[in-house]
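Undergrad: structure of the sequence below:
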Amino acid sequence: MSTELTGYKPSDSVSVLKGIGPKKEKILKENGINTLEDIIYVFPRQYEDRRNLIPISEMKIGEEVLVSGKVVSKRSNFYSRTAPLSLLVQDDSAVMEVVFFNGRFLDKLFDIGTYYTFYGKASKNFDRNQLIHPQFAKTGSKDDIRGIVPVYPQISGVSQNEIRRIQRELRPLYSEAEDFIPKSIQENINLASLAYSLENLHFPTDGKKVLSAKYRMVFSELLTLETGLMYMRKGDSSQNEAAEISCAMGDRFMTKLGFELTEGQKAAWEDIKRDLESKKRMNRLLQGDVGSGKTVISEMAMISAAESGYQSVIMAPTELLAKQHLESFAKDFAPYGYRPELLISNMERKEKQRILEGIESGEIKIIIATHAVLQENVRFKKLGLVITDEQHRFGVNQRKTLSSKGDAVNVLVMTATPIPRTLAVILYGDLDVSQIRTMPKGRMPIKTSLVNPEDRRKVYDFVEEEVKKGRQAYVVSPLIEDSDRVQAASAESVYDELKDRFKGFSVGLVHGSMKQEEKDKKMEDFSNGKIDILVSTVVIEVGINVPNATVMVIENAERFGLAQLHQLRGRVGRGENESFCFLITDANNEIAIKRSEIMCQTTDGFEIAEEDLKLRGPGEIFGTRQHGLPQMIFADLSRHGDVLEKALESAKKLIDDDPKLEDADNLALKKRVKSMFGEEIELAL
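TA: Below is the predicted model of the structure:
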């Protein structure tokens with residue numbers, strides 16, 4: 001049946017539908033349903049199997065049942081508008097009662113002696129089977145409720161039966177809906193058509209067909225998502241060529257390290273080496289847990305670039321971390337005649353000018369910097385490699401700004417925040433992904449314990465024992481100061497408490513409200529051993545490396561997410577001594593308890609990241625991203641990683657071949673991408 005027969009077009013307003021007056025039109029539009037095409041895309045959230053009628057005598061309490069019988073009597077109080085309607089219904093096996101509370105108005109829909117079909121949850125009233133507020137239809141009528149019945153998302157003011165009726169009315173339009181996935185992709189992966197999928201999702205008759213239709217919709221969402229992200233991020237995909245960097249010096253540097261790289265480090269280096277020695281620009285994400293050895297890989301890449309005549313820069317999120325990099329890089333590069341230089345905001349004017357001139361002349365080959373390197377007055381002569389450390393602290397714009405300071409820049413993005421591969425593909429859809437999942441030999445796992453508040457004193461007794469041995473400790477609180485609204489220990493109150501408790505030792509305090517110079521000074525004092533116990537908020541999550549710190553105490557651990565807990569724990573265990581993490585919590589929240597259990601069971605950041613995705617879902621994880629994750633209806637990122645990989649592969653090819661999605665075959669997908677992302681897609685990244 002065509003649109004000529006229905007008289008409708010997909011672009012028509014919902015107001016053209018029979019039974020949709022101004023009030024219901026407003027309700028539908030408030031739910032984002034403006035056109036007939038929008039209604040077509042309101043999909044069932046589940047299905048009810050109503051194919052098998054059972055005798056009334058076989059109804060089981062609590063189960064959904066489909067029964068049919070003759071109405072033998074009706075009872076209601078016609079003097080009360082709120083009176084229930086009670087029907088006595090009989091089949092060949094038994095009698096049951098059907099009750100509709102406030103149902104007097106339904107009386108005229110039932111005729112004594114007529115057969116009706118009912119679907120609902122069985123219950124008992126004394127010894128009689130009963131259905132309360134079941135769905136019903138006259139047996140054999142066009143509104144028969146039997147079959148596989150779709151259950152749609154609840155829309156207040158619009159009943160399930162109305163949505164089903166509307167879908168029946170619009171069924172001929174399914175073949176008119178614009179199939180936005182290019183034919184070449186559909187054929188390449190043997191994907192069901194949109195018309196087929198709509199038909200089998202709204203009017204299912206076969207389980208396999210429903211699965212095929214659902215797969216199509218999952219792929220559609222993920223392809224639209226990835227195409228949108230790559231459209232935003234990879235508008236300069238035509239500029240793929242990059243200078244070739246020989247990695248012979250990196251290999252030589254590796255042999256002189258005095259220790260052997262782990263298998264994970266070797267594999268990551270081979271990926272990077274292959275990228276750098278090719279003519280194609282490197283865009284790679286290097287994921288590795290705290291202490292997995294990402295920094296040495298960056299050194300190998302940077303010294304290779306320098307030996308090949310190119311400049312390289314590593315951008316760190318804090319001045320302290322940049323200074324720590326400078327110290328270790330200077331020592332490691334000295335035997336090869338290379339001297340790295342530091343560029344940060346907090347520098348003497350004369351020194352900063354010297355660095356800027358050295359970068360512009362090309363004399364300085366290896367630069368370690370903070371976001372100060374993004375300023376317009378920083379000009380490179382021959383920039384060949386950009387590395388961002390702790391990438392989650394930088395936005396997409398900052399990464400692009402830095403890499404645009406050269407003509408053919410290779411990009412390496414490093415993060416110690418493990419991300420499930422499915423999320424990495426989305427967050428960094430324009431990057432190839434390498435993971436270091438092995439830890440260096442001899443590195444001891446951190447012992448993690450869950451502690452009740454009653455045993456808190458014992459934790460600090462243990463901290464005292466460690467500090468007496470010359471070790472250091474972190475104590476992290478969720479709040480800076482006490483709050484009337486939140487029952488949790490604040491950093492300031494814990495600091496005051498511990499100053500009295502540890503009178504013979506140095507206790508420091510650092511939090512986000514302090515000036516940056518003050519924070520850096522406190523962290524530097526802790527790093528240099530001038531502070532024994534550092535009380536902090538999550539500002540120490542990234543950017544400080546103190547091998548002598550062996551204890552991490554986290555107050556009110558239930559107020560932190562899994563990823564945060566793991567990052568905080570990663571501040572200890574960096575030296576040769578055994579390290580400990582104590583999670584102090586009295587939470588009875590199921591998710592908080594689960595988080596604590598996971599932390600005590602494993603120190604594998606990737607395993608923790610996968611569990612975090614399951615517990616919180618992608619929406620919460622993406623909440624702090626520069627661009628929010630569009631709402632998914634069918635796709636589940638914790639289950640559909642394989643489909644996501646296929647969607648990414650297709651999206652990459654699409655954008656490589658048609659960066660602006662201007663080809664006729666891609667215009668419908670471009671329209672869909674804009675619909676999913678809204679105004680975000682117009683941002684020039």
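Undergrad: hey, let's count contacts and neighbours off CA atoms from now on
TA: Noted.
Undergrad: ok, and the closest non-adjacent residue to residue 479?
TA: residue 490 (4.5 Å; C-alpha to C-alpha, 6 or more residues apart in numbering).
Undergrad: for the longest helix along the chain, what does the pLDDT average out to?
TA: The single longest helix within the chain, with elements called by DSSP state H, is helix 207-233. Per-region confidence: helix 207-233 scores 88 on mean pLDDT.
Undergrad: next SSE after that helix?
TA: helix 248-255 (DSSP states H and E).
Undergrad: can you mark which positions in that following helix are buried?
TA: 248, 249, 250, 251, 253, 254 (16 or more other C-alpha atoms under 10 Å).
Undergrad: and if you look at stretch 169-185?
TA: Buried, per 16+ other C-alpha under 10 Å, within stretch 169-185: 170, 171, 172, 173, 174, 175, 177, 180, 181.
Undergrad: swap in stretch 60-75?
TA: For stretch 60-75, by 16+ other C-alpha under 10 Å, it's 64, 65, 66, 67, 68, 69, 70, 71, 72, 74.
Undergrad: same list (the buried residues of stretch 169-185) but as TSV, adding secondary structure.
TA: Converted to TSV, the buried residues of stretch 169-185 look like this (DSSP: H, G, I helix; E, B strand; the rest coil):
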residue	secondary structure
170	helix
171	helix
172	helix
173	helix
174	helix
175	helix
177	coil
180	coil
181	coil
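Undergrad: flag the least confident of those.
TA: residue 177 (86).
Undergrad: just to check, it is in contact with residue 10?
TA: Yes: between residue 177 and residue 10 there is a contact at 6.6 Å, judged by C-alpha atoms under 8 Å.
Undergrad: common neighbours of the two, please.
TA: Common contacts of residue 177 and residue 10 (C-alpha atoms under 8 Å, 6 or more residues apart in numbering): residue 37.
Undergrad: mind checking which helix or strand residue 463 is in?
TA: Going by DSSP H and E, residue 463 is in helix 456-468.
Undergrad: helices and strands around that helix, which ones?
TA: strand 472-476, strand 549-554 (3 or more C-alpha pairs under 8 Å, 6 or more residues apart in numbering; DSSP states H and E).
Undergrad: burial of residue 292, as a residue count?
TA: As a burial measure, residue 292 scores 21 neighbours (other C-alpha atoms under 10 Å).
Undergrad: dump the residue contacts of the residue nearest to it when sequence neighbours are not counted.
TA: Leaving aside its sequence neighbours, residue 292 sits nearest to residue 439 (C-alpha to C-alpha, 6+ apart; 4.9 Å). Residues in contact with residue 439, defined by C-alpha under 8 Å, 6+ apart, are 262, 291, 292, 293.
Undergrad: who wins for neighbours among these?
TA: residue 292 leads those on contacts (other C-alpha under 10 Å) with 21 neighbours.
Undergrad: chain center to stretch 80-94, what's the gap?
TA: 51 Å (C-alpha atoms, centre = their mean, to the nearest Å).
Undergrad: hmm, which two among the contacts of residue 439 are most spread apart?
TA: 262 and 291 (11.7 Å; C-alpha to C-alpha).
Undergrad: give the buried residues for the longest helix of the chain.
TA: Counting neighbours by 16+ other C-alpha under 10 Å, helix 207-233 gives 209-210, 212-233 as buried.
Undergrad: where does pLDDT dip in the stretch 451-600 of the chain?
TA: 481-488, 541-544 (pLDDT under 70).
Undergrad: mind listing the helices for it?
TA: Using DSSP state H, counting those that start in this stretch, the helices found in the stretch 451-600 of the chain span residues 456-468, 491-501, 516-527, 562-569, 590-601.
Undergrad: deepest-packed of the ones you listed, please.
TA: With neighbours defined by mean count of other C-alpha atoms under 10 Å, none of those is more surrounded on average than helix 562-569, at a mean of 22.
Undergrad: just checking, what packs against it?
TA: By 3+ C-alpha pairs under 8 Å, 6+ apart, helix 562-569 packs against helix 590-601, helix 605-621.
Undergrad: how about JSON lines for those, with distance to residue 281 added?
TA: Formatted as JSON lines, those follow (distance: least, C-alpha to C-alpha, whole Å):
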{"stretch": "helix 590-601", "distance to residue 281": "39"}
{"stretch": "helix 605-621", "distance to residue 281": "28"}
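Undergrad: which among those is found nearest to residue 669?
TA: With C-alpha to C-alpha, the closest approach to residue 669 among the helices and strands packed on helix 562-569 belongs to helix 605-621: 23.5 Å.
Undergrad: same question for the closest one, mean pLDDT?
TA: Taken as a whole, helix 605-621 has an average pLDDT of 66.
Undergrad: just checking, next helix/strand downstream of it?
TA: That would be, after helix 605-621 and using DSSP H and E, helix 641-657.
Undergrad: what angle do that next one and helix 207-233 make?
TA: 40 degrees (axes from the mean of the first three to the mean of the last three C-alpha atoms, to 10 degrees).
Undergrad: can you point out the buried residues in whichever helix or strand comes after helix 641-657?
TA: Downstream of helix 641-657, the next assigned helix or strand under DSSP H and E is helix 667-677. For helix 667-677, a neighbour-count test (16+ other C-alpha under 10 Å) marks 667, 668, 669, 670, 672, 673, 676, 677 as buried.
Undergrad: so the third one makes contact with residue 181?
TA: Yes: applying C-alpha under 8 Å, one finds residue 669 in contact with residue 181, separated by 6.1 Å.
Undergrad: what about the closest residue in space to residue 95 that isn't next to it in sequence, neighbour count?
TA: Excluding its sequence neighbours, the residue lying closest to residue 95 (C-alpha to C-alpha, 6+ apart) is residue 89, at 5.6 Å. The number of residues packed near residue 89 is 25, by other C-alpha under 10 Å.
Undergrad: for residue 89, give me the pLDDT.
TA: At residue 89, the model reports a pLDDT of 96.
Undergrad: send me the helix or strand hosting it as CSV with only the CA atoms.
TA: Here residue 89, judged by DSSP H and E, is contained in strand 85-90. Listed next in CSV are the C-alpha coordinates belonging to strand 85-90 (Å, rounded to 0.1, in the frame of the first residue of the first chain):
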residue,chain,number,x,y,z
LEU,A,85,-17.2,-3.0,37.2
SER,A,86,-17.2,-6.8,37.9
LEU,A,87,-17.7,-9.4,35.2
LEU,A,88,-18.2,-13.1,35.6
VAL,A,89,-16.6,-14.9,32.6
GLN,A,90,-16.9,-18.6,31.9
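Undergrad: contacts for that strand?
TA: 56, 69-77, 95-104, 106-107.
Undergrad: closest to residue 126 out of the helices and strands packed on helix 456-468?
TA: Nearest to residue 126, of the helices and strands packed on helix 456-468 and by C-alpha to C-alpha, is strand 549-554 at 56.5 Å.
Undergrad: can you list contacts of the closest one?
TA: Residues contacting strand 549-554 (C-alpha under 8 Å, 6+ apart): 459, 463, 466, 471-477, 568-569, 571-575, 577-584.
Undergrad: direction included, what does that strand pair up with?
TA: strand 472-476 (parallel), strand 580-584 (parallel) (DSSP bridges).
Undergrad: okay, the angle between that strand and helix 516-527?
TA: Going by the same axes, to 10 degrees, strand 549-554 makes 130 degrees with helix 516-527.
Undergrad: please, which helix or strand holds residue 287?
TA: strand 283-288.
Undergrad: who does that strand touch, helix- and strand-wise?
TA: strand 410-415, strand 432-436.
Undergrad: quick one: mean pLDDT for it?
TA: Averaging pLDDT along strand 283-288 yields 86.
Undergrad: adjacent strands (with direction) for that strand?
TA: In the sheet, strand 283-288 lines up with strand 410-415 (parallel), strand 432-436 (parallel) (DSSP bridges).
Undergrad: contacts only, for the residue located most distally from the centre of the chain.
TA: Distance from the C-alpha centroid of the chain, by C-alpha atoms, centre = their mean, peaks at residue 113 (57.9 Å). Contact partners of residue 113, counting by C-alpha under 8 Å, 6+ apart, are 70, 71, 72.
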